[in-house]
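Visitor: the sequence and its predicted three-dimensional model are supplied below.
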Amino acid sequence: DVKVTQSSRYLVKRTGEKVFLECVQDMDHENMFWYRQDPGLGLRLIYFSYDVKMKEKGDIPEGYSVSREKKERFSLILESASTNQTSMYLCASRSGLGDEQFFGPGTRLTVL
Amino acid sequence: GQNIDQPTEMTATEGAIVQINCTYQTSGFNGLFWYQQHAGEAPTFLSYNVLDGLEEKGRFSSFLSRSKGYSYLLLKELQMKDSASYLCAVSGAGSYQLTFGKGTKLSVIP
């Protein structure tokens, strides 16, 4: 059974804290993605990675960075959390162009 | 850039048929996906169309017209558990990214 896992389902942090969201996939996929999902705005791409140590900015990268040191792991970093980063964060992975994208269960982050 | 439009909300009756439309404008095209997302959960894959025509999978079917930039998801014999958001997503040419529409929230009523 293929899996994308995320380190936390729920997370509460304070403004200014550095936050790490971890994502691991066991499907040997090259491509991994971080999205945030907000009511009325849908899924928006933050960053993606198509190979180890490679990263590309998505539609809303400001305030975020990423790390991909190993193929199976893709981390999203909030350097200094702000209240407008309160959201549901979804990690996903995908193999080829014609293949489906698999999502992790999501992390609901609240920044106070 | 890419633009995807789908209705925000729909309501349908248990046992009925509902069609959820999606129109898109993309710079290049490499397939269209439909995902289902129940409240508080991650999206799960429903269907993939890359050629024109209808793909049927049980109670769910998906149609694509590339010349019209149009797709629909057809749900038959609706069940209460089909109440969810349905996301249309497009893969651009040569790109591994998917661009998602904002989703259609379907409510199935008795």
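Guide: That came through fine.

Visitor: residue closest to the middle of chain A?
Guide: residue A:34 (2.9 Å; C-alpha atoms, centre = their mean).

Visitor: quick one: low-confidence parts of chain B?
Guide: B:1, B:94 (pLDDT under 70).

Visitor: now the strands for it?
Guide: B:3-5, B:9-13, B:18-25, B:32-37, B:44-49, B:53-57, B:60-65, B:70-75, B:84-91, B:98-100, B:104-109 (DSSP state E).

Visitor: now the angle from the fourth one to strand B:53-57?
Guide: Looking back up the chat, that one is strand B:32-37. Strand B:32-37 and strand B:53-57 are oriented at 30 degrees to each other (axes from the mean of the first three to the mean of the last three C-alpha atoms, to 10 degrees).

Visitor: ok so, going back, ok, the residue nearest to the centre of chain A to residue B:84 distance?
Guide: 23 Å (C-beta to C-beta, to the nearest Å). Every residue, glycine included, has its C-beta placed from N, CA and C.

Visitor: please apply the same query to residue B:91.
Guide: The spacing between residue B:91 and residue B:84, counted by C-beta to C-beta, is 22 Å.

Visitor: helix/strand/coil for residue A:84?
Guide: The three-state label given to residue A:84 by DSSP: H, G, I helix; E, B strand; the rest coil is helix.

Visitor: tally of neighbours for it?
Guide: 9 (other C-beta atoms under 10 Å in any protein chain shown).

Visitor: could you do residue B:11 as well?
Guide: 11.

Visitor: repeat that for residue A:105.
Guide: Neighbourhood size, residue A:105 [other C-beta under 10 Å]: 15.
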